[in-house]
Each structure stands twice: as C-alpha cells, then as structure tokens.
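Show me the folded form of this:
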Amino acid sequence: MVKIITTLEELKSISKQWHELATQFNSPLLQYEWFASCAEALLHSDELRIVVTHSNGRINGVAPLVLTGNDGPEQLEILGARVLGEPVAFLYDSEASLQDLTAAILDMRKPLFVKNLRHDSPEITHLRRQHKGKYFVRTGASSPFISFAGTWSDFLANMSSNDRNHLRRKKQSMDQKGKVTFEICNPDRSCVKDTLDDFIRVEAAGWKGQQRTALAFDQPLRCFFDTYAREANSRGYLRFCLLRVDDKLIAGQIAVLYANRFWMLKVGYDEEWAAYSPGVLLTHEAIRHACQEGLEGFEFLGRDEQWIHRWTRQVHRYVTFVGYPFSYSGVGRFAFDASKSIFRKSAKAAGYRQIRTSIGKLASRVFQHIAPRYVAGPEIEDAIRICRQLDVKGWGSTICPWDGPNDTPKAIASSYTKALQAIAAAKLDCYLSIKVPSLKYDFGLLKGLLEVASQHNARVHFDSLAPDTASRSFALLDKAASIYRNLGCTLPSRWRRSATDAETAVALGVAVRVVKGQWADPDQPDIDWRRHYLDLIDILAGRVSMVAVASHDVELAKDSLVKLTQSRTPCELEQLFGLPLRVREVAKPLGVSLRIYVPYGHAYVPYALVEIKKRPVILSWIVRDLLLNDNRLRFSCSEGCENMRLAEWSRRVIDMRGDSMGKVWPAMSALRSTARYWRSGQA
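Numbers count the residues shown, from 1 in each chain. Presented below is the predicted three-dimensional model:
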C-alpha cells in the first residue's frame, strides 16, 4: 500500500515508525528529526509529497519528497536538499521495498530531481531500471571523510610535516593573544538557543557575513537549525565545537555525533582572527576529539575543498538523477531545463552583457505590445463600459486611473474626481481606487477628492505601492479618516509590517483588500507570504466592515474566504481585469460576490519577466497575450468564455498570414527545437 503524506500532522503521526526504519541507516541526515525540521522551516511554497509504502501494517519505505516550482515548472525533489545541499537517500528495509518505493514515486508522473545520491547507491540502480521516460544521471559533488585506523599519533604521522608545523605555528601565535580554550559539548536544553545564537554571531562576523550567506541573514535556514538543534540535543547527539580566546568566541561548529561518527554541519569564525586560521584549528581539534573518543570516522559533509586535504583525500562521490516522465509536466519541465541549458551555453559563447541587453530590448517591445490588454482603455468611458458589462453579470467593480510618468499631481487628482463623478452617474456597484504617492501625499488634493466622494457616499480606496510609501500612505489615511469614513486600504502579505497595519485598519474602521503584493519586504524578502496572508485574514476576521480577498491563487483564495465566511465577516473576491478568472469558482459555493479591478489610462503589465522563474505560468500568459491581443477578445477571455477563445485560436492557427504568422512562427520554432533537444539527450 502506498500513502502520500501532504501535511505536517500526517508526518508527525509516522515519527515512531520512521525512527525504527532509520535505525539501519548510519546517517543523521535520514533521521525523522532532520526532515521534520526541514518541513517546519523550509517548505514555504513547496508542497509535501512524502511517499510512504506499507506492508502488513508497517512502514517499509519512505521517500521524503516535496513538489516544488520555485525555479520553474513543478518537479519532485528531496525535502530540504536544495537549501541544505547535504547527501540524500531513501529509507527502506529491503531491496523489494525499495523497488516498490521507486515504482510509487515514478507512478506520480512528475519530473524528478534528486541531487547528491551516492554514485553506487541502490536508489540509482532502481531509478535507472524503472524509469520509463527520459532521464539523466550526472556526476555531482563529493564530500570528504576520514576513517580512523589507529591512534591519534598514528593519524598525525600520516599528515605532512608542513601541515603539522603550520597548525602548530598558528596555535602558538594565537596563544600569545590570550588564553586559548577548545570546547566540544552538548549543552543543557536550556542553553541550546543561547549557544546557537553565539555561533550565529561569530559566523556573521566572518566572510559569510560579508557575503550575507550566514545564518543571521537567512531566516528559513536559521529557523531550521533552531528546530533541529533542539531535537538533536534532546536525543543526545548534538555537538557544539567552540574556540575561545580569553572567553571571547572566535570560531564555532555545529555538529552531531551519530553512528559512532562525527558529522560537521556548519562552521564559522570571526574574520578579525582570520590570520590565525581559527576555523582550521577548531576543525583539527574536533578531529582529535573524534579519534581519541574511539569514533570510527569524521564526516566533513559539504563540498570537497582544498583546505580539508591536509587531513584526508578520501571522498564520497555523488550523482544527480533527473527524470522526465512522458507527461505534460515532464515535457514542460524538460523544455524549461533545455532552454536554460541552451541559454547558458549561448550566453557563455556570446557574452552575458550582450545577451542581457538584447533580452531587455525584446522584453520592452513585448510588454509595450501586450500592456493594453490589462487596461479597459485610455479614457474613463472605456472603464465605465467594462463596468456596465460586469454589472449585467452581477459582478461589482473598482476602477483606477493609471497615471503616466509625466502626469502632475493636480492632473491625477482631476482624473480621480472625474472617475468619482462617472461612477455616481452610472449608478454602479463600483468604488474608486487611488494611488496616494501619485498625489505626492498632498492632503489638500486628497481633501478635495474626498469632498466629491462625500456627495455620493462613494468609497475611496488607497492602493498599495512600494514598501517605502507605506508609512506616509497610512499617515494620510489616518488624517483622511478624520473627515470621511467610507475609505479602504490594501495590505500586502509580503510585508512584515502589514500585521501592524491591519490593526490600524481595524482601529480606523476602513475596508481592507488583502493582496500578495508586487514588492518584497526589504528587511525580510523571504517571508512566507502565503502563511502571512492567512494570518492577516485571521487578524481582520470579524473586526472590519469588508475584506476583499484579492488573489488569483485558487487554494489561498478558498482558505481565506472560508475563514471569513465562518467568522461571518462581509467579504468578496477581487480579481484583476485581464487575468484568468479560475478562482471565481471558489466563491460561488460560499455565496461570496465577485469584484473586478478595472484600470484605465496608461497601460502597464501586471507581471514581470523576473517572476517567470518563480511562476512559469507567466510564460503562458505572455504567449496568450501576444496571440490574443485585441479588445473584443480580451474581455471575452477574462470572462472565461472558452468556446470563443478556442474559435479565435483556431482561426489564427489556420489563417497564418501577416502579423499572426510573425507571432506564431517563433513559438512553433521553439517547440521544434525543444523536441529535437529531447531526442538528442543533451540536457
């Protein structure tokens, strides 16, 4: 029997049997604590897909996988492997169990990317044998290790005299600076966090801090080590290696002692002491400790680097397995990977700067061509026409004049006033969205606008722009609320400050629109925006007059609307004009109304090429926009009229003349190139 685990609760329920299965594997990197910590800290937008096989009511195989699309179309990977970069493997109790486990993985018909498998592992053998699509096995990295055979004196004798003398001189130089102490310990549970914080500080003081790769600058990775250190400490195999001079910590390591071997996970040192090689001296002391304690070996993990060769030249060799099944997702991922490979080779040959310049010019021309698809038109009459069509369907709307780069604040305020008057004259379920930074935060201009709004009791909603505009926007909102109550604001879930802004919105009594947000938080760019989105919904539920769930993510929109309807909070689903409306099917069963954000004026594109890596669906939007860029079809597609879209696509494919030929032919050429690349096996 096969089960796919998709939640943390399900994962916790198999912890005991996971421990039993992992006992036959002499690696801490396959223990339940390792993957549970990964699941809690590193998932973000990835989805758990842990494959578990059972026999006679007992677990006999586990493949700790996630479905991830962070760097392109979705594929299966080992949980945490991309971030941590450590060796991986599956868990199984026999060859037959491994065969069943491999079959279950491949039956999911998803692209598979498994990095850092041992080159001679049974997993590679079974994946090769059972994979029915296109696959590649590439030579990967290697990690050094030491196998002790004899005493510490024997080990030193095998080192070169130059290396021994170098270490001795460094130690003597450091002794002249103060009292040098080495400590290798598993601290009391109450001291684990403080010791880890000390390590994080000293690591950030080194080159990793300068390059911002230290734990102090990587919140998800820090969260992982926080969680894993607690779990490893409770099971007795956590080790901190610390080097101090006169009680000042200058180097540290995070390690575990497992299966009679010493495993080094993380190392850092204070750059101020770099001349004394503190990291090398601490590693040497850790190796001495492991040898004298009678351990079988020392695992460096990470990569094989030159500085390690003074102790050993032994390495574990790893490979990467990449599999593409014969399915839509498999072919899509193969096309994406092949394109990346071709681009890298082309860029290397032609020069990255020239390639980037050409792509920039092409992107600019493409966006100029497709941007009009996302606005109703240049004038307020165009927006009102679209809103009337929405009203016939029973959908609400909000309109926003998108200003151009040369528009003055007074001209923008005038366009906002005309929009309010047009809304009132049309008698539609519609409100006005504005961008207060475009008014240069001029309260005089805003006050005049609110006076017009008060005559018609029309809502004026403050849109959200870049993070550096938020404080002044909310200050202006606070001031506006003192003279007019029918206001609204927008909260981006990508900003940490939005939780505080949500409380401000509650206090002011304004309506709220919750969005993902175009700009990341500069202080916390890796924030889990999905989780924060739902946290914002929880803060607002039952406390504000209206919450607009503005998201094209089906699952996120559904979860948000369910929370709001269960708390009996007035809510609606808000969608951007021009983008697909698949999410509207979520609102119907919940009795939630739909509202469309309809911009007009200066045309912009609501997505960026830089987002394609994280959201490959944008590529399909660009192709769609290039092929279907006319006003009549634009709104039909937005409504979801698939028959009209299909008919139009068919007409354009059959009648490939003039401009249509120029748009379609490059796409067909790309598809043919991808097919040739698939057959050649050069990915």
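
so which helix or strand takes in the residue nearest to residue 316 when sequence neighbours are not counted?
Counting by C-beta to C-beta, 6 or more residues apart in numbering, residue 143 is the residue found nearest to residue 316 once chain neighbours are left out, at 5.2 Å. All C-beta spots, glycine's among them, are computed from the backbone N, C-alpha and C. Residue 143 belongs to strand 134-147 when elements are defined using DSSP states H and E.

got the contact list for that strand?
87, 115-116, 119, 124, 127-128, 287, 296-305, 308-309, 311-324, 326, 330, 334, 678, 681, 683 (C-beta atoms under 8 Å, 6 or more residues apart in numbering).

Any quick ChimeraX command for the buried ones out of those?
Selecting only the buried entries of these in ChimeraX, with 16 or more other C-beta atoms under 10 Å as the criterion:
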select :87,115,116,124,127,287,297,298,299,300,301,302,304,308,311,312,316,318,319,320,321,322,323,324,330,334,678,683
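
now the helix or strand where residue 530 lies, how far from the chain's geometric center?
Using DSSP H and E, the element containing residue 530 is helix 529-540. Distance of helix 529-540 from the chain centroid (C-alpha atoms, centre = their mean, to the nearest Å) equals 17 Å.

so what secondary structure elements neighbour that helix?
helix 498-508, strand 511-515, strand 547-550, helix 554-566 (3 or more C-beta pairs under 8 Å, 6 or more residues apart in numbering; DSSP states H and E).

To residue 101, which of these lies closest?
Nearest of the helices and strands packed on helix 529-540 to residue 101, taken as C-beta to C-beta: helix 554-566 at 27.9 Å.

avg pLDDT for that closest one?
If you average the pLDDT over helix 554-566, you get 94.

And the next helix or strand past that helix?
Counting by DSSP H and E, what follows helix 554-566 is strand 571-576.

Give the pairing partners of that next one; include direction for each.
strand 547-550 (parallel), strand 593-601 (parallel) (DSSP bridges).

okay if I get those as JSON lines plus mean neighbour count?
Shown next, in JSON lines, are these (neighbours: other C-beta atoms under 10 Å):
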{"stretch": "strand 547-550", "mean neighbour count": "26"}
{"stretch": "strand 593-601", "mean neighbour count": "22"}
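
so can I have CSV of those showing distance to residue 268?
Below are the strands paired with strand 571-576 laid out as CSV (distance: least, C-beta to C-beta, whole Å):
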stretch, distance to residue 268
strand 547-550, 42
strand 593-601, 47
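
which stretch in the ones you listed is the model least sure about?
Looking at the strands paired with strand 571-576, the weakest mean confidence is strand 593-601, a mean of 93.

what residues does the helix holding residue 530 touch?
So helix 529-540 is contacted by 44-45, 491, 493-494, 496, 498-499, 502-503, 505-506, 512, 514, 516-517, 547, 549, 551, 553, 556, 559-560, 563-564, 569 (C-beta under 8 Å, 6+ apart).

Same question for stretch 113-122.
Contacts of stretch 113-122 (C-beta under 8 Å, 6+ apart): 75-78, 81-82, 85-89, 95, 98, 123-124, 127, 139-141, 316-323.

picking that back up, so among the contacts of helix 529-540, which ones count as buried?
44-45, 491, 493-494, 498, 502, 505, 512, 514, 516-517, 547, 549, 551, 553, 556, 559-560, 563-564, 569.

Out of the contacts of strand 134-147, list just those in helices.
Residues of these located in helices (DSSP state H): 124, 127, 128, 287, 330, 334, 678.

Can you lay out the residues you listed as CSV showing distance to residue 107 and pLDDT?
Formatted as CSV, the ones in helices among the contacts of strand 134-147 follow (distance: C-beta to C-beta, whole Å; pLDDT from 0 to 100):
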residue, distance to residue 107, pLDDT
124, 19, 93
127, 13, 93
128, 17, 92
287, 45, 96
330, 13, 86
334, 19, 87
678, 22, 49
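
Closest one to residue 457 out of these, please.
Residue 457 has its nearest neighbour among those in residue 330, at 55.6 Å by C-beta to C-beta.

distance of the closest one from residue 76?
The spacing between residue 330 and residue 76, counted by C-beta to C-beta, to the nearest Å, is 11 Å.

And residue 85, by the same measure?
18 Å.

neighbour-wise, which of those two wins?
residue 76 (21 against 15; other C-beta atoms under 10 Å).

Doesn't that one belong to a strand?
Yes. The assignment for residue 76 (DSSP: H, G, I helix; E, B strand; the rest coil) places it in a strand.

Pretty sure it sits against residue 65.
Yes. Applying C-beta atoms under 8 Å, one finds residue 76 in contact with residue 65, separated by 4.8 Å.

Can you work out which residues contact both of the two?
What both residue 76 and residue 65 touch, as defined by C-beta under 8 Å, 6+ apart, is the set 49, 105.

can you list the weak-confidence ranges in the stretch 1-150 of the chain?
44-46, 70-71 (pLDDT under 70).

That one: helices as residue ranges?
Here the stretch 1-150 of the chain has its helices, by DSSP state H, counting those that start in this stretch, at 8-13, 15-22, 32-41, 81-84, 95-106, 122-130.

now the longest one against strand 134-147, angle please.
If I follow you right, that is helix 95-106. For helix 95-106 against strand 134-147, the angle by axes from the mean of the first three to the mean of the last three C-alpha atoms, to 10 degrees is 130 degrees.

can you check the last one too?
If you take the same axes, to 10 degrees, helix 122-130 sits at 170 degrees to strand 134-147.

So which of the helices of the stretch 1-150 of the chain is nearest residue 239?
helix 32-41 (14.6 Å).

buried stuff in that closest one?
32, 33, 34, 35, 36, 37, 38, 39, 41.

And for stretch 522-536?
Buried, per 16+ other C-beta under 10 Å, within stretch 522-536: 527, 528, 529, 530, 532, 533, 534, 536.
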